[in-house]
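**Student:** need coordinates for the following:
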Amino acid sequence: MNRESKNSLAEVLPTHTPSLFRAAVIRAAELLRAGELVALPTETVYGLAANALDARAVEKIFQAKGRPQHNPIIVHVASIEMARRCVADWPTLAEKLAVAFWPGPLTLVLPRSREIPDAVTAGGETVGVRWPSHPFIQAVIRECSFPLAAPSANPSNQISPTSADHVRAMLGEKIQLIVDGGLSNVGIESTVLDLTPRPPRVLRPGMIHAESLIAVIGELAAASGQNDEGKLRSPGLLRKHYSPRAQLRILNWRDEADLDSQLSTLNAQPNQTHIIAHTCILLGEKFPHVSVIPHDAEAFARAIYAELHRCDEAGAKLIVVEALPEGIEWRAIADRLRRAAID
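**Tutor:** Take a look at the predicted model:
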């Protein structure tokens, strides 16, 4: 289904005035209390939300997304007090990190409380908890008075949505309500930090960088995404993830002739190849579909998923992304593109 489809069953509610915002909060909370799914904006990407304490509601997330049962879901809260109710232990490090980075794009993995069902944690003994900064999802959680399980609102392994239109195109026939809260301000998924080992370890990089975390907690361990039983502790750890329908390649090039030479082995048709550049800008003589994202990590993160969606909608068979610079600010974006490029 494309963005212009008339078959979408989902109601799309705007939020751009106080009265529309409040009406959307009430409608979303009504459905969530009834055990239904709602697509909501967050500052990272749009989430597909359900009552995190209702196992049957959470199972609907897996069904709608086609999500593997072994992939856990992050729980979203609207206060530190609510986060503490979701976990069995709230160490001093968790308090320091929450004060420093919440509300914001940081997920903390801690031992789960008895209230959190197995469906959320994929049967593991830990749960990821985050207090998002987007005012709409905060208002809905407060209205519901329960936390929300909310992975990205897209079919499993596909590109995360950063607008209501993206959600409607991908899941509009499977859910009742999509709330339009504008474009996601961060644009990629949260940093996930596991606090159960000592020292803690980053499971998934995000726009809160390891160096910022070290400034608060002192040190980090090497990354590992599984516990001793081999269960995933966080979403975003699958080998292939965040993928467009088109084949994706990450390349460096000197000029158009250099890129053409590199692509010759892929049998790519220039009119079906879409180029996403940030530094070495092509003139479009050989490749007619060239777009440019600013050479700035935060701007690039905000734009990249929307650009991948646009390429898919335009019928791209191959998407070529210019290789990213080195540097801590680019690590999370590089992680997403690397997983998206795996065949």
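**Student:** the lowest-mean-pLDDT helix or strand in the chain: what's the following helix or strand?
**Tutor:** Sorting the helices and strands of the chain by mean pLDDT, DSSP states H and E puts helix 256-263 at the bottom, at a mean of 92. Proceeding N to C from helix 256-263, the next assigned helix or strand is strand 273-277, under DSSP states H and E.
**Student:** and the next helix or strand after that next one, what's buried?
**Tutor:** Going down the chain from strand 273-277, the next helix or strand is strand 289-292, by DSSP H and E. Residues of strand 289-292 classed as buried: H289, V290 (neighbour count, 16 or more other C-beta atoms under 10 Å). Every C-beta, even on glycine, is put in place using the N, C-alpha and C of the backbone.
**Student:** numbering from 57 from now on, please.
**Tutor:** Happy to do that; since the first residue is 57 now, the last one works out to strand 345-348.
**Student:** mind giving me the packing neighbours of strand 345-348?
**Tutor:** Helices and strands in packing contact with strand 345-348 are listed as strand 329-333, helix 353-369; criterion 3 or more C-beta pairs under 8 Å, 6 or more residues apart in numbering; DSSP states H and E.
**Student:** direction included, what does the next helix or strand along the chain from the last one pair up with?
**Tutor:** Going down the chain from helix 353-369, the next helix or strand is strand 374-378, by DSSP H and E. When pairing is defined by DSSP bridges, strand 374-378 lines up against strand 303-307 (parallel), strand 329-333 (parallel).
**Student:** E171 and A144: what is the separation?
**Tutor:** To A144, E171 is 10 Å away according to C-beta to C-beta, to the nearest Å.
**Student:** quick one: the helices in the chain?
**Tutor:** Using DSSP state H, the helices found in the chain span residues 74-89, 111-121, 136-142, 148-157, 174-177, 191-200, 220-227, 266-273, 312-319, 353-369, 387-396.
**Student:** tell me the most buried of the ones you listed?
**Tutor:** Relative to the other members of the helices of the chain, helix 220-227 carries the highest mean neighbour count by mean count of other C-beta atoms under 10 Å, namely a mean of 24.
**Student:** what's that one in contact with?
**Tutor:** Helix 220-227 is touched from outside by 57-59, 61, 64, 66, 68, 95, 97, 102, 104, 120-121, 209-211, 214-215, 217, 234-237, 361-362, 365, 369, with contacts defined as C-beta atoms under 8 Å, 6 or more residues apart in numbering.
**Student:** alright, calling it a day.
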